[in-house]
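K.L.:
sequence below, structure please.
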Amino acid sequence: MNIANILTTVRILLIPAFMFFLLYSDIPYSKVIAAVIFIVAAITDSLDGYIARSRKIVTNFGKFLDPLADKLLITSALVSLVELQKISSWIAMIIIGREFVVTGLRMVAAAEGVVISANVWGKLKTISQIVAVVLLLLENYPFVLLGFPLDRIMLYIAVVLTIYSGIDYIKANWKVIDFTKK
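P.N.:
All right, here's what the predicted structure looks like:
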């Protein structure tokens, strides 16, 4: 187990703590604590990949666990935000559905020996989702003081980027889905 894989594992282990403070805790500032945990977990996403690539310690375990950790973190946040009535379920389903589609596409591609790497649209999608979630967790602070709905704007930007990046992945990799092959 290398440092990159440890960071990925920590990201997964932070999810229950994040959800506890967000949904079940009456501790003062529990929502802020949840937001900080989410931010730390999101930072490990960039950090583990950077470390793995720069130190040439990319492993199959990391290739499997890293995208799973990312999806678990975002999905847990979205489901929690739906439960808290901060976002509509259709928004969560678009984002989660896109992840299922792209993951399925990657699985089919992998079976054919093709690797589908993240592209700029996928990275922008991830950043916009993280920013939107953090703003929603913090109830749009400090922008709420200005009467500026940056949380909602970022949420809709995240939805648009999610849809666009999903379509882009499908278009760019359509060839791996061979409908005539058994």
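K.L.:
please make it C-alpha for all contacts and neighbour counts, starting now.
P.N.:
Fine.
K.L.:
contact partners for the residue positioned nearest the centre of the chain?
P.N.:
In the chain, the residue lying closest to the centroid (C-alpha atoms, centre = their mean) is residue 74, at 4.0 Å. Residues near residue 74 by C-alpha atoms under 8 Å, 6 or more residues apart in numbering: 129-130.
K.L.:
could I get the average pLDDT for whichever strand or helix holds it?
P.N.:
Using DSSP states H and E, residue 74 maps to helix 60-83. Summarised as a single mean, pLDDT over helix 60-83 is 92.
K.L.:
buried set for it?
P.N.:
62, 65-66, 69-82 (16 or more other C-alpha atoms under 10 Å).
K.L.:
chain neighbours aside, what residue packs nearest to residue 61?
P.N.:
Nearest residue to residue 61 in three dimensions, chain neighbours excluded: residue 5, at 7.5 Å (C-alpha to C-alpha, 6 or more residues apart in numbering).
K.L.:
helix, strand, or coil at the one you found?
P.N.:
Here residue 5 is recorded as helix under DSSP: H, G, I helix; E, B strand; the rest coil.
K.L.:
going forward, count from 140.
P.N.:
Right, with 140 as the first residue, what we last looked at is residue 144.
K.L.:
what sits against it?
P.N.:
Listed by C-alpha under 8 Å, 6+ apart, the contact set of residue 144 reads 187, 200-201, 204-205.
K.L.:
now do 10 Å
P.N.:
Contact analysis of residue 144 by C-alpha atoms under 10 Å, 6 or more residues apart in numbering lists 150, 187-188, 190-191, 196-198, 200-202, 204-205.
K.L.:
after the helix holding residue 213, next one along is what?
P.N.:
helix 228-250.
K.L.:
would you indicate which residues of the helix or strand just after that next one are buried?
P.N.:
Sequence order places helix 259-276 as the next helix or strand after helix 228-250, per DSSP H and E. Residues 260-261, 263-265, 267-276 are the ones in helix 259-276 that count as buried (16+ other C-alpha under 10 Å).
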